[in-house]
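S.K.: Predicted coordinates and the sequence they were generated for:
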There are 4 protein chains.
Amino acid sequence: MSKSRLEAFSDGVLAIIITIMVLELGLPAGDKFGDLWALGPTLLGYLLSFFFVAIYWVNHHLIFHDVETVNLKILWCNIIWLFIISLIPFTTAWAGRYPSAWAPVTVYFADMALASVAFHVMYYLIACEHGGKKSFRLDLRSIVSLVVYTLAAGVGAFCPIAAYIVVAAVSLWWIVPKKKIKKALEKPAESVEKIESDKSES
Amino acid sequence: MSKSRLEAFSDGVLAIIITIMVLELGLPAGDKFGDLWALGPTLLGYLLSFFFVAIYWVNHHLIFHDVETVNLKILWCNIIWLFIISLIPFTTAWAGRYPSAWAPVTVYFADMALASVAFHVMYYLIACEHGGKKSFRLDLRSIVSLVVYTLAAGVGAFCPIAAYIVVAAVSLWWIVPKKKIKKALEKPAESVEKIESDKSES
Amino acid sequence: MSKSRLEAFSDGVLAIIITIMVLELGLPAGDKFGDLWALGPTLLGYLLSFFFVAIYWVNHHLIFHDVETVNLKILWCNIIWLFIISLIPFTTAWAGRYPSAWAPVTVYFADMALASVAFHVMYYLIACEHGGKKSFRLDLRSIVSLVVYTLAAGVGAFCPIAAYIVVAAVSLWWIVPKKKIKKALEKPAESVEKIESDKSES
Amino acid sequence: MSKSRLEAFSDGVLAIIITIMVLELGLPAGDKFGDLWALGPTLLGYLLSFFFVAIYWVNHHLIFHDVETVNLKILWCNIIWLFIISLIPFTTAWAGRYPSAWAPVTVYFADMALASVAFHVMYYLIACEHGGKKSFRLDLRSIVSLVVYTLAAGVGAFCPIAAYIVVAAVSLWWIVPKKKIKKALEKPAESVEKIESDKSES
């Protein structure tokens, strides 16, 4: 299967997930600012989950950037990853309603941790397929993320506010891309220019 | 109509169906793990339906792989198939709420059976259009699936747990593609390379 | 604006409209077939609306088939048409709950009539832009549809069942395309072949 | 990242936002026209928000028209803008239920003002990247819009009806495009023709 179909389908699912979360917000109970304030945790959870998914959207493209065809392992790993991400609206809504309760907080971060694991497995499979096993190396940020999400799932419920802040900080870290990946990102523009200059020369 | 439009529309509809099912999950009644546990059947139903639709997404591409244009019969068969699939969130939610009741279980599996029939009719129409009637042959897996889904719809409500397990097993079988189809899947990469090598030679 | 963007956006909106209608179905009140039976009118309304939107999806492509660029009038006519279509889930849900009440039935058919008017205005604008005013001719089917939808909106509430049947029959008529359009539909395949044969000759 | 991915993702999110708003409408309480009339403010809010988002969809394409690659600042500005827009269904539903209450009206217009600010920041970033800082100039319409939306957020709740009318009028202004942008819009068709004529000449 060509990667374009998989990317288009993943983009579609991510776009829907990121957007339908707002349907889970519900409406404030009344017409006062205080009623909106009461929805505060839900809104903050929505903010965190929105950017969590958006970051994955960006990084999903980065890891598929040099891929041309997709084998079945990668295809199904991607579908499993989409399944985990598709639960984010559910876990966000539950954690938003009970922002400091044990079970919702644990489930919310556990889903994030699972999404991160599945994403890195997918990255590993892509690396194996294209650059060989050795080309895959977990960098600092990936390791920190996996550890932080897992810790948040395990013990975050002891102090939810700290857990939310640490997870948000780690997620923000992903907004700045790795230099290595960044370079790969800038290549296509060059190659397009190159092709165009080649054309004009010939 | 070119197949690309039909594929894009079908992908869109499938991506939405697969994602909005999570909206039907509802929230756990409280903030305990026990409340999540009470949603267990609904979550398992969501898991099964998610992969059921994902498998169709993969196989939809496989049967349209060598198709170039789509005639009206195929177009409308595809729309009828999408209609049947679009009821999956509804049947999943009903069966999730009453996982062992007669009517919801029967309707859930009946919709799956109908989807399978419509899919194979579409496959038959495509085969007739492109390879001639003789190129269409129901293989073992298709026959087993059609029989199992129909049996599950007919008598699955006598022992719902067994029905769910058998249906899940048959669905899992579809994750591993037929060798024949698998080969077709690998062709495009080759043909692309071929074109490119042809270009560089000329 | 190139037509591809407009088509992609319209396809997206139509795919979402056609799919989220199922969310409005609600769940049967209990776990008996009788509870599903009680949802009968809603399900039939969903069936009618699904195919109503699907027919528009097919015909939307037909009228944009020979279009290359889209002027602002066509663009905004398309957006107004999408707005009218976006109300279909709302009117379907209302008419589904009160299938024989005056207001819901009237509003349901009125929205269909408006959608049909907006669609034909768009068709007229496209004809003016591309083939000149004279190339636009309302054929029998268009006139009958416009009249039937308008009549259904005006007096359909006197006998809702008859109105539903007549509207469904007129909609079914659209599944079979006009020969003239059908021919245009078959052209691209030929022209592609022609280009390819031209290439291989040169 | 090439702009096509960003445009496709933004189109997807905008298409979903514009469509799921209808799910927030709810159903009329009964089966009378009076019950529909009671939903009047909600329906008018939906109408305003639908066209507000549609106008952004059109203008989003206009500002990305001459862009080829997207840097990270633009990418994340676009995601923040999408986040703000994704709250429109939420603010529309709240303002629709309490159309003249202080908090909902203020939040509704504040979200519109924020969306407008984020959009113009994105336009500025694109201008900096491509034509240099000097090519960015806020024209009258942009300034009026930013001022009106901000005023509506600040003092619109004193006289909600006037605020809705003024905001709707300013939004309508955007349906007619700037001549400058309009020209850019007409270029691609010419350039395509040019390329084709070049081809046929060679």
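M.R.: Sure thing, it's come through.
S.K.: and the residue nearest to residue A:102 when sequence neighbours are not counted, how many neighbours does it have?
M.R.: In space, and not counting its chain neighbours, residue A:102 is closest to residue A:157: 4.5 Å by Cβ to Cβ, 6 or more residues apart in numbering or on different chains. All C-beta atoms are positioned from the backbone trio N, CA, C, and that covers glycine. Residues contacting residue A:157 under the criterion other Cβ atoms under 10 Å in any protein chain shown number 19.
S.K.: got it, and residue A:158?
M.R.: Counted by other Cβ under 10 Å, the residues lying close to residue A:158 total 10.
S.K.: Can you pull out the low-pLDDT segments for chain A?
M.R.: For chain A, the stretches flagged by pLDDT under 70 are A:131-135, A:177-202.
S.K.: Can you tell me how far the residue positioned nearest the centre of it is from residue A:17?
M.R.: Against the mean C-alpha coordinate of chain A, by Cα atoms, centre = their mean, the closest residue is residue A:56 at 2.7 Å. As judged by Cβ to Cβ, to the nearest Å, residue A:56 and residue A:17 stand 10 Å apart.
S.K.: With residue A:154 instead?
M.R.: According to Cβ to Cβ, residue A:154 and residue A:17 sit 25 Å apart.
S.K.: One more: residue A:99?
M.R.: Per Cβ to Cβ, residue A:99 is found 21 Å from residue A:17.
S.K.: Look at those two and report which has more neighbours.
M.R.: Per other Cβ under 10 Å, whichever of residue A:99 and residue A:17 has more neighbours is residue A:17, with 25 against 19.
S.K.: Would you state the helices of chain A in chain order?
M.R.: A:3-20, A:33-38, A:40-63, A:72-86, A:88-97, A:102-130, A:140-155, A:160-173, A:179-201 (DSSP state H).
S.K.: can you tell me if the fourth one touches chain C.
M.R.: Looking back up the chat, that one is helix A:72-86. No: using Cβ under 8 Å from any Cβ of the partner chain, helix A:72-86 never reaches chain C; the gap is at least 14.8 Å.
S.K.: Would you mind naming what in chain A lies close to chain D?
M.R.: Within chain A, the residues that sit near chain D (Cβ under 8 Å from any Cβ) are A:7-8, A:11-12, A:14-16, A:18-20, A:22-23, A:25, A:27-28, A:31-33, A:35-36, A:47, A:50-51, A:54, A:57-58, A:61, A:175-177, A:182, A:185-186, A:188-189, A:192.
S.K.: for stretch A:57-77, how far is the first residue from the last?
M.R.: Stretch A:57-77 has its terminal residues 16 Å apart, counting by Cα to Cα, to the nearest Å.
S.K.: quick one on the thing from earlier: hang on, the residue nearest to the centre of chain A packs against residue A:14?
M.R.: Yes: between residue A:56 and residue A:14 there is a contact at 7.0 Å, judged by Cβ atoms under 8 Å.
S.K.: where do the contact lists of these two overlap?
M.R.: residue A:85 (Cβ atoms under 8 Å, 6 or more residues apart in numbering or on different chains).
S.K.: which residues touch residue A:146?
M.R.: Residues near residue A:146 by Cβ under 8 Å, 6+ apart: A:113, A:116, A:117, A:120, A:138.
S.K.: As a markdown table, those with neighbour count would be great.
M.R.: Shown next, in a markdown table, are the contacts of residue A:146 (neighbours: other Cβ atoms under 10 Å in any protein chain shown):
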| residue | neighbour count |
| --- | --- |
| A:113 | 22 |
| A:116 | 22 |
| A:117 | 15 |
| A:120 | 18 |
| A:138 | 13 |
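S.K.: Name the nearest of these relative to chain B.
M.R.: Set against chain B, the nearest of the contacts of residue A:146 by Cβ to the nearest Cβ is residue A:113 (16.5 Å).
S.K.: roughly how far apart are the closest residue to that closest one other than its chain neighbours and chain C?
M.R.: Once flanking residues are discounted, residue A:113 sits nearest to residue A:149: 3.8 Å by Cβ to Cβ, 6+ apart. Distance from residue A:149 to chain C, counting by Cβ to the nearest Cβ, to the nearest Å: 31 Å.
S.K.: Please apply the same query to residue A:37.
M.R.: Applying Cβ to the nearest Cβ, the value for residue A:37 to chain C is 29 Å.
S.K.: do the same with residue A:24
M.R.: Counting by Cβ to the nearest Cβ, the gap from residue A:24 to chain C is 13 Å.
S.K.: One more: residue A:21?
M.R.: Separation of residue A:21 from chain C (Cβ to the nearest Cβ) stands at 15 Å.
S.K.: That residue is in contact with residue A:88, isn't it?
M.R.: Yes: between residue A:21 and residue A:88 there is a contact under Cβ under 8 Å: 7.2 Å.
S.K.: who touches both of the two?
M.R.: Counting by Cβ under 8 Å, 6+ apart, the common neighbours of residue A:21 and residue A:88 are residue A:49.
S.K.: wait, what's in contact with residue A:113?
M.R.: Shown in contact with residue A:113 (Cβ under 8 Å, 6+ apart): A:146, A:149, A:150, A:152, A:153.
S.K.: Just the buried subset of these, please.
M.R.: Applying 16 or more other Cβ atoms under 10 Å in any protein chain shown to the contacts of residue A:113, the neighbour count classes A:146, A:149, A:150, A:152, A:153 as buried.
S.K.: Which residue lies closest in space to the third one, excluding its sequence neighbours?
M.R.: Going back to what we said before, that points to residue A:150. For residue A:150, the closest residue by Cβ to Cβ, 6+ apart turns out to be residue A:113, at 4.8 Å.
S.K.: I'd say residue A:8 and residue B:11 touch.
M.R.: Yes: contact criterion Cβ under 8 Å: residue A:8 and residue B:11 qualify, at 6.4 Å.
S.K.: follow-up on the earlier one: which of the buried ones among the contacts of residue A:113 lies closest to chain B?
M.R.: Nearest to chain B among these is residue A:153, at 13.2 Å by Cβ to the nearest Cβ.
S.K.: Could you measure from the closest one over to chain D?
M.R.: Applying Cβ to the nearest Cβ, the value for residue A:153 to chain D is 25 Å.
S.K.: Which residue comes closest to residue A:121 once chain neighbours are left out?
M.R.: residue A:77 (5.8 Å).
S.K.: show me what contacts the one you found?
M.R.: The contact partners of residue A:77, by Cβ under 8 Å, 6+ apart, come to A:118, A:121, A:122, A:125.
S.K.: give me phi/psi at residue A:27?
M.R.: phi -110, psi 150 (degrees, to the nearest 10).
S.K.: surely it meets residue D:95?
M.R.: No: assessed by Cβ under 8 Å, residue A:27 is found out of contact with residue D:95, at 10.4 Å.
S.K.: Please identify which of these two sits among more neighbours.
M.R.: Counted by other Cβ under 10 Å, residue A:27 and residue D:95 do not tie: residue D:95 has more neighbours, with 27 against 18.
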